[in-house]
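Visitor: could you look at this predicted model? Sequence included:
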Amino acid sequence: MHFNHYGGEAARLAAALANSGAPWEPHELEPVLDAHGIADRRLTRPQTRQLWEWSRRLGDCFGAQPLDRRCARINALLADSASRPYISLHDGTPHLHYSSEGADPAAHIRAVTAAGLSYVACHASPDRLGGR
């Protein structure tokens, strides 16, 4: 299955963040973000701590659980990411951006990972996030 940048790749980033065993320093998180296509990876320590807390919530969306619980958790992430999707033409091709222009990197990562999990749950298969 082919995944687009904001769908499966963002869900892979969510999984990478959720699977991390310990809080990061900003420089430790940069290679993970780079590997998943996040362009603005310059995080402050407070932003990195916010993402650590976010990663624990992302982790709750994976693994065996009833579909309604998984969807409720993803919906909570979507609501808390406060993203405002818009169509961008910055590279000449229309595509969606899931965070507001000028959003700080942590806000962008929250919006992208929440959108990625919702993409998998709705368009790929919720079982790809872990068995029921």
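Guide: Perfect, thanks for sending it. Since we're looking at a predicted model, the values are computed, not measured.
Visitor: mind listing what residue 121 touches?
Guide: Remark: with contacts taken as Cβ atoms under 8 Å, 6 or more residues apart in numbering, residue 121 is in contact with 70, 71, 74, 129. For glycine as for every other residue, the C-beta is placed from the backbone atoms N, C-alpha and C.
Visitor: who wins on neighbours among these?
Guide: Within these, residue 74 tops the neighbour count with 26 neighbours, counted by other Cβ atoms under 10 Å.
Visitor: look up the pLDDT of the nearest residue to residue 60 once chain neighbours are set aside for me, please.
Guide: The shortest distance from residue 60 to any non-neighbouring residue, by Cβ to Cβ, 6 or more residues apart in numbering, is to residue 73 (5.3 Å). Among the per-residue scores, residue 73 shows a pLDDT of 96.
Visitor: now do the one 4 residues further on
Guide: For residue 77, the pLDDT comes out at 95.
Visitor: just the buried residues of the helix or strand it falls within, please?
Guide: Per DSSP states H and E, residue 77 falls inside helix 67-81. By 16 or more other Cβ atoms under 10 Å, the buried positions in helix 67-81 come out as 70, 71, 73, 74, 77, 78, 81.
Visitor: kindly report the same for stretch 54-66.
Guide: For stretch 54-66, the buried set under the neighbour-count rule, 16+ other Cβ under 10 Å, comprises 54, 55, 57, 58, 59, 61, 62, 65.
Visitor: just the ones of these in helices?
Guide: 54, 55, 57, 58, 59 (DSSP state H).
Visitor: I'd like those as JSON lines, with distance to residue 22 and pLDDT appended.
Guide: Converted to JSON lines, those look like this (distance: Cβ to Cβ, whole Å; pLDDT from 0 to 100):
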{"residue": "54", "distance to residue 22": "15", "pLDDT": "98"}
{"residue": "55", "distance to residue 22": "11", "pLDDT": "97"}
{"residue": "57", "distance to residue 22": "17", "pLDDT": "97"}
{"residue": "58", "distance to residue 22": "15", "pLDDT": "97"}
{"residue": "59", "distance to residue 22": "13", "pLDDT": "95"}
